[in-house]
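Fold the following.
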Amino acid sequence: MNHLYYGDNLSVLRNSIADASVDLIYLDPPFNSNASYNVLFKGPQGNESAAQIEAFDDTWHWNDSAESAFGEVMRSGNGNVAEMLRAMRSFLGDNDMMAYLTMMAVRLLELHRVLKDTGSLYLHCDPTASHYLKILLDAVFGARNFRNEIVWQRSSAKGDATKKMAWNHDIILALAKSDNSAFHPVFAVKTDEYNGRFRLDDKDGRGAYRLAPLDSPSPRPNLTYSYKGYAPPSKGWRVNRELMEKLDAEGRLAFPKSKDGRISRKHYLAEQDGRKIGDVWTDLPPLQSGQRMGYPTEKPVALLERILAASSNEGDVVLDPFCGCGTTVHAAQKMDRQWIGIDVTHLAIGLIEKRLRDAFPKVAFTTHGVPQDIAGARDMAQRGRKDKNYYFEFEKWALSLIAAQPGNMGKKGADKGIDGRIYFGSKSEGTAIVSVKAGDNVGVAMIRDLRGVIERENAAVGIFLTLTAPTKPMVTEAAGAGQFEMEGFEPVPRIQIVTIEQAMELRDRALRLPARRDDTFKKAAVEKDTRSQGKLDL
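Okay, the predicted model is just below:
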């Protein structure tokens, strides 16, 4: 069964993920070099809008939480990690980088715990902190279990790099839990250049082939023998006599005319998987604008497919504890793996839910940590009346139902009557203001207030998102606001009342907006059934 968790991944790991239950972990944790890690939204012109949410805004600073996490690592029982983290603190001091490494250390210990003995972990980072993380991973997993430092070229060189060379790659650190960890070689897509190397053809129906030497690259005295009058290479053959005879019987050897020449082996194009991939990946192009779901640090699905193909099998459990817009769980679902995704923002959870249901209409998964029915929504709202933190969580969750951008940067403070925004129109020229109400008592004055806000903000539409059903006077007042018209589209009500129950059932379909701009929660293309497809050619 597949699971999507809302919440702090440290708590979810400790409370919900069993020991040795995961086959593959991929994580792309944020750092302050990319302050917009959890900024899901852009404004109409593509700039960071006032609706951005930075869920980790306070996480990577040295504070009481970082000190507490440091203490947990010291008491973890893993002496290697404790000593390494203590040494890092002595060198770095109490700063943002140290806070980041401390928060990562306590999570890496939990990730190591939940990983099976046959499992692997891939940690995606940039050069800002990859060297520190490599040392931490050596302490957690043991240096002998380090497998690769993968360099992924994520973009071409930028023209504005004037004081240094352009940063256009990321680092992916790959580690195994043990010598038993699964691994499958992966291959690049066959290109015209690759195919062109197979120039020979005996016209025997096997197709094009190329010749490869049978000389051993290192001395092999036990493989030094003559074959059919041909002397062995100075270092011996690559294969023993039995295999040489088998290749000969199958017509896979090419004999030179001169006995002084070397026997070669025929490699047929039709039997090759392609160029075997090493640890420098330059063949996976970055996402183009038409492919993006709208998440700033979004990764191509092909990148995750390659990782999953290399270190997991069908039916395995794949975990992403910082799952963002859900590329990992998308790839896992596509490749018939089970998956677990965790994120700390309601907006990310809503994006992933929509993405999966758009791409895989028959997908089945359970979302944890958010209301699953109207009773759960009322319970969340009730807690919010006692604790403002819960209220803001309710508000963010309610906005995520209709894919609205938070109107106050997702933070506490005066919202000026704007809880959320939605951009629409073919050129994003329209704006809808969202007002969220979680109380039991709603009245017509609230509709008038919303009408005043949209007039003040020069907005096109107002959305009144309410937990409690509206009264008849409220419905009448909303209808009295008239309709909004945009050229080329059907008119829509200027004030729309949507209940939480309707939003839970219909999501953004509960709204009536002309050509909604939906870059953030862009509709994912429906994926074809991959269960019958052969080996992935990545």
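
do you know how far M103 is from D94?
Remark: distance between M103 and D94 (Cβ to Cβ, to the nearest Å) = 13 Å. Bear in mind the C-beta positions are built from the backbone N, C-alpha and C, glycine included.

which neighbours do the two share?
A66 (Cβ atoms under 8 Å, 6 or more residues apart in numbering).

So for these two, which sits in the more crowded spot?
Regarding M103 and D94, a neighbour count based on other Cβ atoms under 10 Å identifies M103 as having more, with 20 against 15.

How is this structure divided into domains?
Domain ranges of the chain: 2-45+114-186+277-368, 192-271, 374-510, per automatic domain parsing.

I'd like those domains laid out as CSV, including distance to M88.
Output for the domains of the chain, formatted as CSV (distance: least, Cβ to Cβ, whole Å):
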stretch, distance to M88
domain 2-45+114-186+277-368, 7
domain 192-271, 41
domain 374-510, 31
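
For my notes, please list those domains in a markdown table and give mean pLDDT, distance to S76 and mean neighbour count for each entry.
Below are the domains of the chain laid out as a markdown table (pLDDT from 0 to 100; distance: least, Cβ to Cβ, whole Å; neighbours: other Cβ atoms under 10 Å):
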| stretch | mean pLDDT | distance to S76 | mean neighbour count |
| --- | --- | --- | --- |
| domain 2-45+114-186+277-368 | 86 | 10 | 19 |
| domain 192-271 | 94 | 44 | 14 |
| domain 374-510 | 88 | 28 | 18 |
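
L85: which of these is closest?
domain 2-45+114-186+277-368 (7.4 Å; Cβ to Cβ).

And the strands in the stretch 1-150 of the chain?
Along the stretch 1-150 of the chain, the segments classed as strands by DSSP state E, counting those that start in this stretch run 2-6, 22-27, 115-125, 146-153.

Mind putting the ones you listed into a markdown table with distance to G480?
What follows is those, written out as a markdown table (distance: least, Cβ to Cβ, whole Å):
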| stretch | distance to G480 |
| --- | --- |
| strand 2-6 | 38 |
| strand 22-27 | 52 |
| strand 115-125 | 53 |
| strand 146-153 | 56 |
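
and of the ones you listed, who's closest to A174?
strand 146-153 (4.3 Å).

could you give the angle of the helix or strand following that closest one to strand 146-153?
The helix or strand immediately downstream of strand 146-153 is strand 169-176, counting by DSSP states H and E. Orientation check (axes from the mean of the first three to the mean of the last three Cα atoms, to 10 degrees): strand 169-176 against strand 146-153 gives 160 degrees.

Contacts for stretch 199-216 next, please.
Contacts of stretch 199-216 from elsewhere in the structure, counted by Cβ under 8 Å, 6+ apart, are 195, 197-198, 223, 233, 235-239, 244, 251, 254, 262-270.

To S16, which of the strands of the stretch 1-150 of the chain lies closest?
The minimum distance between S16 and the strands of the stretch 1-150 of the chain falls on strand 2-6, with 6.6 Å, by Cβ to Cβ.

and the closest one, how far out from the chain's middle?
Chain-centre distance of strand 2-6: 14 Å, with Cα atoms, centre = their mean, to the nearest Å.

cool, and stretch 304-313?
On Cα atoms, centre = their mean, the centre of stretch 304-313 falls 13 Å from that of its chain.
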